[in-house]
Each structure stands twice: as C-alpha cells, then as structure tokens.
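J.: Just the structure for this:
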Amino acid sequence: MTFPRVLLPRLRAWSLLIGVSAALAALLHHAGLGAGLMLGPMVAAVLAMVVGMQVRLSGPLFVAAQGLIGCMIARGIPPSVVGTVADKWPLFFGGVAAVTIAANGLGWLLARWRVFPGTTAVWGSSPGAAAAMTLMAASYGADTRLVAFMQYLRVVCVALVASLVAHLFMDSGVPEAAPAVATDWFPPVSPWPFVFTMVLALGGSWLGTVLRVPAGALLLPMGIGIALHLVEGMTLELPPWLLALAYAVVGWNIGLRFTRPILAVAWRALPKVLVSTFALIGICGLFAVALVKLAGIDPLTAYLATSPGGADSVAIIAATSHDVDMSFVLAMQTLRFVLVVITGPAIARFIASRVVRGRVLEGT
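T.: Down below sits the predicted model:
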C-alpha cells in the first residue's frame with residue numbers, strides 16, 4: 001500500500017498539469033498565437049510552481065525533446081540557406097555580433113552600476129546558452145538562482161513578445177485572408193524516414209549529453225540533421241502530434257524552473273530584471289528595424305531573427321507563422337546560438353573579471 005500512496009500525489013499533480021497545459025495550449029493555438037503549444041504548458045508549469053505543486057520533469061524526456069526540436073530546425077532549413085548565408089554573410093555575422101555585443105554591454109553596465117549583486121548581471125544577460133551560463137556563474141561568486149531567473153525570464157519574455165508580434169503581423173496582413181486550414185495531427189507517416197528521424201533525435205541528443213557538449217542535446221541532432229538534409233537530401237519525418245509533445249516538454253522545462261526559492265530571491269529584483277530584459281528586446285527590435293530599412297528584410301522575419309535567446313522557442317514561432325523566411329530566421333538564430341555556446345562563457349568570464357578588477361582598483 002506504500003507505493004500507491006507515494007505515487008498517487010504525483011499522478012494527480014501531473015494529471016492537473018497536463019490538463020491545464022492542454023486547455024491553455026488549445027486556447028492559444030485556436031487564437032492563432034504563435035507557439036501556443038509551447039506557451040500553454042509553460043504558463044501552466046509556472047502556475048504549478050507558484051501554488052507549490054510537486055512536479056518534476058524527467059531529464060531524459062527533456063533531452064529527447066531537444067533532439068526533436070533540433071531535427072525540426074534541421075528540417076526547416078531549405079538547401080538554399082547555405083547560399084543565402086554565403087551571399088549575405090556580412091549581414092548575418094553583423095546581426096549576430098550586434099545582438100551579442102548589446103547583450104554583453106548591457107550586462108557589463110548592470111554589473112558596473114551594481115544593479116545586481118556581484119557579477120550576476122554579466123552571466124544573466126548573455127543572449128543564450130542559459131544552462132552553461134548558470135552553471136559557470138557559481139565559479140565567479142554570482143547568485144546562480146538569480147542568474148537562472150534572469151536567463152529563463154528572458155526566454156519567457158522573448159517567447160511571449162515574439163508570439164504577440166507574430167500574431168499582430170499576421171492580423172495586419174491581407175484584409176480578407178483565407179481561413180486557416182485545420183491541423184491534421186495524425187497524418188500518414190513514412191515508416192523508414194520516421195525511424196531514422198527518431199534514431200537521430202534520440203541518439204543524437206543522448207550522445208550530445210554524454211559527450212557533455214554545451215547544448216549538445218539540441219546542437220548535435222540539429223547539426224547532423226542539417227548535414228544529412230542539405231547534403232544527402234534525407235527526409236526528416238516529424239508528425240504534428242510528436243512535435244506538439246516536444247513543444248509541451250520544452251514549455252514545462254522552462255516553467256518548472258521557476259520554483260518558490262528562485263521566485264523568493266528574485267522578487268525584489270523583478271522590476272530591474274524586467275527593465276533590463278525589455279531593454280535588450282527593444283535594442284534587438286531596433287536592429288530588426290535596421291535590417292528592414294537597410295537590407296529589405298520583411299519586418300516579422302527581421303524581428304524573429306534578432307530576438308535575443310530562446311532559439312528553440314523562436315524556431316517554433318517562425319514555423320507556425322505565415323510569410324516568414326524560415327531560412328533567414330534559423331540561420332541568424334543558429335549562428336548566434338553557436339557563437340554564444342562557443343564564446344559566451346569566455347566573454348562572460350572576461351567581462352566579470354574586468355568588473356571585479358575595476359572594483360578592486362576603486363577600493364571597494
């Protein structure tokens with residue numbers, strides 16, 4: 001009788017979380033809000049943490065979801081993306097550098113002005129690689145809980161703002177647009193491409209975790225998938241019901257990080273965190289305007305391409321939005337994601353050491 005008594009509360013909690021997630025996801029999806037299938041579970045998970053529900057997400061489940069999202073990104077990149085990046089490489093690398101410099105510059109200012117304790121602002125302002133930044137922050141005396149709060153609050157804000165922007169752009173498009181086609185959640189699936197995709201998603205994400213590659217659960221399946229898709233022309237089979245599950249897991253993973261201790265620590269800093277977060281979103285919005293004016297990129301594509309952080313959520317929003325240049329958005333997001341993963345920790349360490357050294361020289 002002990003086992004059922006221990007198991008029952010968890011089953012009830014998960015049943016409630018799944019039910020609320022499904023209701024919110026259906027509501028947002030029906031309203032046409034981009035990435036509603038991810039945002040619904042994310043909001044439900046945050047509410048679960050606020051009310052103190054005992055819910056934990058399995059690590060392997062999130063790893064598998066990242067692998068599926070990586071395959072989705074790979075599938076969404078058409079063969080023309082290589083030529084697109086090659087033809088406009090100054091534009092892509094300029095956009096990636098601008099967002100990265102803006103994020104790190106904001107972090108340096110916040111740390112310099114002592115808006116946050118220690119070097120927390122430096123690590124919390126990095127535009128991506130949230131897990132790596134949170135883990136490395138402890139080595140430099142930063143409050144890892146506040147770093148996690150900054151990182152994942154930005155992911156939430158970016159996802160919400162990008163979804164609303166996508167929704168507004170779609171509403172302001174053609175006055176008499178054709179009615180949306182109902183999603184076929186269970187279409188016929190080609191067996192061998194589906195098996196290959198599952199092996200790539202699950203095996204690649206597992207290998208990326210075992211090898212301890214930063215964000216390897218997402219990057220390894222994505223990289224291999226892009227190579228096979230673009231070079232070999234292989235088909236990646238991802239039925240809508242499977243992607244919906246992956247979106248839900250990603251949303252839960254974000255929402256369930258907002259535990260009561262993190263919320264308690266961050267409560268007093270919440271206004272400052274929000275100001276810095278929306279300042280970065282606004283700065284990136286200005287970069288998007290520059291892309292529209294100087295390069296002729298359509299506004300929604302430019303906005304999604306320059307959104308700071310949350311590459312997987314932005315990819316989901318782009319995939320569920322009409323008239324978006326997926327190759328441009330994914331190329332820009334992927335380049336910045338890879339750049340942050342490779343150089344972000346070193347840049348954060350450099351800025352943090354400079355801030356600390358400056359305070360020592362000032363005698364503080």
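
J.: Please count neighbours and contacts with C-alpha atoms only from this point.
T.: OK.

J.: Which elements pack onto the lengthiest helix in the chain?
T.: In terms of residue count, the longest helix belonging to the chain (DSSP state H) is helix 326-361. Here helix 326-361 touches helix 59-76, helix 80-87, helix 89-112, helix 120-124, helix 130-137, helix 299-306, helix 311-319, going by 3 or more C-alpha pairs under 8 Å, 6 or more residues apart in numbering; DSSP states H and E.

J.: can we see that at 6 Å?
T.: With contacts taken as 3 or more C-alpha pairs under 6 Å, 6 or more residues apart in numbering; DSSP states H and E, helix 326-361 sits against helix 299-306.

J.: average model confidence for the helix it packs on?
T.: Averaged over helix 299-306, pLDDT sits at 88.

J.: do stretch 15-26 as well
T.: For stretch 15-26, the per-residue pLDDT averages 92.

J.: just to revisit the earlier point, between the longest helix of the chain and helix 299-306, how big is the angle?
T.: Put simply, helix 326-361 runs at 40 degrees to helix 299-306, going by axes from the mean of the first three to the mean of the last three C-alpha atoms, to 10 degrees.

J.: Helix 89-112 and helix 326-361, what's the angle between them?
T.: Here helix 326-361 runs at 30 degrees with respect to helix 89-112, directions being taken by the same axes, to 10 degrees.

J.: Distance from helix 326-361 to the middle of the chain?
T.: Counting by C-alpha atoms, centre = their mean, to the nearest Å, helix 326-361 is centred 16 Å from the centre of its parent chain.

J.: what do you get for stretch 246-265?
T.: On the basis of C-alpha atoms, centre = their mean, stretch 246-265 sits 13 Å off its chain's mean C-alpha point.

J.: again with stretch 94-101
T.: Averaged over its C-alpha atoms, stretch 94-101 has a centre that lies 17 Å from its chain's centre (C-alpha atoms, centre = their mean).

J.: Show me which residues of that stretch are buried.
T.: Across stretch 94-101, burial judged by 16 or more other C-alpha atoms under 10 Å covers 95-96, 98-100.

J.: Just say helix, strand or coil for Pro221.
T.: The three-state label for Pro221, taken from DSSP: H, G, I helix; E, B strand; the rest coil, comes out as helix.

J.: Got the confidence number for the closest residue to it other than its chain neighbours?
T.: Leaving aside its chain neighbours, Pro221 sits nearest to Gly204 (4.8 Å; criterion: C-alpha to C-alpha, 6 or more residues apart in numbering). For Gly204, the model assigns a pLDDT of 93.

J.: quick one: Gly204 from Leu220, how far?
T.: 6 Å (C-alpha to C-alpha, to the nearest Å).

J.: Number of residues surrounding the nearest residue to Pro127 once chain neighbours are set aside?
T.: Counting by C-alpha to C-alpha, 6+ apart, Gly309 is the residue found nearest to Pro127 once chain neighbours are left out, at 4.9 Å. If you count neighbours by other C-alpha atoms under 10 Å, Gly309 ends up with 29.

J.: Give the helix, strand or coil label for Gly309.
T.: Secondary structure assignment for Gly309 (three-state DSSP): coil.

J.: Quick check: pLDDT value at it.
T.: pLDDT, Gly309: 70.

J.: same question, Ala129
T.: Reported pLDDT for Ala129: 63.

J.: And for Ala246?
T.: Reported pLDDT for Ala246: 91.

J.: Chain neighbours aside, what residue packs nearest to it?
T.: Of all residues not flanking Ala246 in the chain, Ala65 sits nearest, at 4.7 Å (C-alpha to C-alpha, 6+ apart).

J.: How much space separates that neighbour from Met72?
T.: According to C-alpha to C-alpha, Ala65 and Met72 sit 10 Å apart.

J.: can you check Ala97 too?
T.: From Ala97 over to Met72 the distance is 25 Å, taken as C-alpha to C-alpha.

J.: repeat for Ala111
T.: Look at Ala111 and Met72: by C-alpha to C-alpha, they are 37 Å apart.

J.: between these two, which one's more packed in?
T.: Just comparing Ala111 and Met72: by other C-alpha under 10 Å the higher neighbour count belongs to Met72, 25 against 22.

J.: Neighbours of the closest residue to that one other than its chain neighbours, how many?
T.: For Met72, ignoring the flanking residues on the chain, the nearest one in space by C-alpha to C-alpha, 6+ apart is Leu238 at 7.3 Å. Residues lying near Leu238 (other C-alpha under 10 Å) number 19.

J.: now the one 4 residues further on
T.: Using other C-alpha under 10 Å, the number of residues around Leu242 comes to 15.

J.: what's the helix or strand for it?
T.: helix 240-255 (DSSP states H and E).

J.: between that helix and helix 59-76, how many degrees?
T.: 120 degrees.

J.: how far does helix 240-255 sit from the chain's center?
T.: On C-alpha atoms, centre = their mean, the centre of helix 240-255 falls 12 Å from the chain's centre.

J.: Tell me the buried residues in that helix?
T.: For helix 240-255, by 16+ other C-alpha under 10 Å, it's 243-244, 246-255.

J.: before we move on, the earlier item: number of nearby residues for the residue nearest to Pro221?
T.: A total of 29 residues lie near Gly204 under the criterion other C-alpha under 10 Å.

J.: isn't it right next to Gly223, touching?
T.: No - here Gly204 does not reach Gly223: they are 9.5 Å apart, not a contact under C-alpha atoms under 6 Å.
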